[in-house]
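> can you look at this prediction? I've put the sequence above it.
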Amino acid sequence: MGLRLSQIITVFLFCLNGGHIQAEMTLKDLIFDESTPYHLKILDVLPSEAKIQVGSDSAKHTIIEFMDYFCGYCKKIHPELIDLATSREDVRLVFLQHPILNETSLVLAKIVVAASLQDKSFELHNAIFSIEGSLTSEKLESAIIEVGLNAVQLRDDMNRDDVAKMIKLSSFLAGGSGARGTPAMFINDIFSPGYLSRGQIEGMLR
């Protein structure tokens, strides 16, 4: 992570309400505290607005995907992950932002996190990955309208400092987990820095 393991930093989580501190965890806690599995600590560190979740918190299995909206393999696996999580009550699926492919990736990540402030992050996230062909501004605008977002509020919210901080924190955690590209996934506590087929994923959920 570009940091000495002995160095302790505090990861501040900011509420969307005025940027107040919501919770804190040191890097030492994140890496060395074995009371909670690392992949679950990632979810504890991130505010709810930074996570897109399908399934129950109490599910036996947790799948985490660090993804980028311009990642072809992220788009390929997306419908299979959704189907897996919606067809099995024992699976929780969490999408986390890791916009690394281009500048527009970061813009899209901000838009989707901002959509969480209107309780529409999953709907927009799913709509973006469901777009056929190349993702254009016209198709994105149509998706925003179709999911019922207030475009004016969305434009304002995507430029908020706390939205940018949540995305930076998510990417920091992705890099710290070993992600060098997308998709990068945790299947429970097993990290996979690359594409997995649905069959491979289901084989790991035992």
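Sure thing, it's come through. Numbering: from 1, shown residues only.

> surely Tyr73 meets Leu196?
No - Tyr73 lies out of contact with Leu196 (CB atoms under 8 Å); the separation is 9.4 Å. (Glycine included, C-beta is placed from N, CA and C.)

> shared neighbours, the two?
Taking CB atoms under 8 Å, 6 or more residues apart in numbering as the criterion, Tyr73 and Leu196 both touch Pro183.

> who has more neighbours, these two?
Leu196 (20 against 15; other CB atoms under 10 Å).

> and stretch 160-174, what's its mean pLDDT?
Averaging pLDDT along stretch 160-174 yields 94.

> ok, which stretches of the protein are helices?
27-32, 38-45, 72-87, 103-115, 121-130, 137-146, 151-157, 161-177, 198-204 (DSSP state H).

> the inter-axis angle of the second one versus helix 161-177?
Compare the direction of helix 38-45 with that of helix 161-177 by axes from the mean of the first three to the mean of the last three CA atoms, to 10 degrees and you get 170 degrees.

> mind listing the residues bridging to the residue positioned nearest the centre of the chain?
The structure's the chain has its C-alpha centroid closest to Leu96; by CA atoms, centre = their mean the separation is 0.8 Å. Beta-bridge partners recorded for Leu96 (DSSP bridges): Lys51, Phe66.

> ok, now which ones touch it?
Taking CB under 8 Å, 6+ apart, we find Leu96 in contact with Ile42, Leu46, Ala50, Lys51, Ile52, Ile64, Glu65, Phe66, Met67, Ser170, Leu173, Ala174.

> hmm, back to that, mean pLDDT for the helices of the chain: which is lowest?
helix 27-32 has the lowest average pLDDT among the helices of the chain, namely a mean of 59.

> quick one, phi psi at the closest residue to Ile128 other than its chain neighbours?
Spatial nearest neighbour of Ile128, excluding adjacent residues (CB to CB, 6 or more residues apart in numbering): Tyr69 at 5.4 Å. Main-chain dihedrals, Tyr69, degrees, to the nearest 10: phi -70, psi -10.

> neighbours of Tyr69, how many?
So Tyr69, with other CB under 10 Å, has 24 neighbours.

> now do the contacts for it.
Pro99, Ser105, Leu108, Ala109, Val112, Ile128, Phe129, Leu135.

> kind regards, and thank you for your time.
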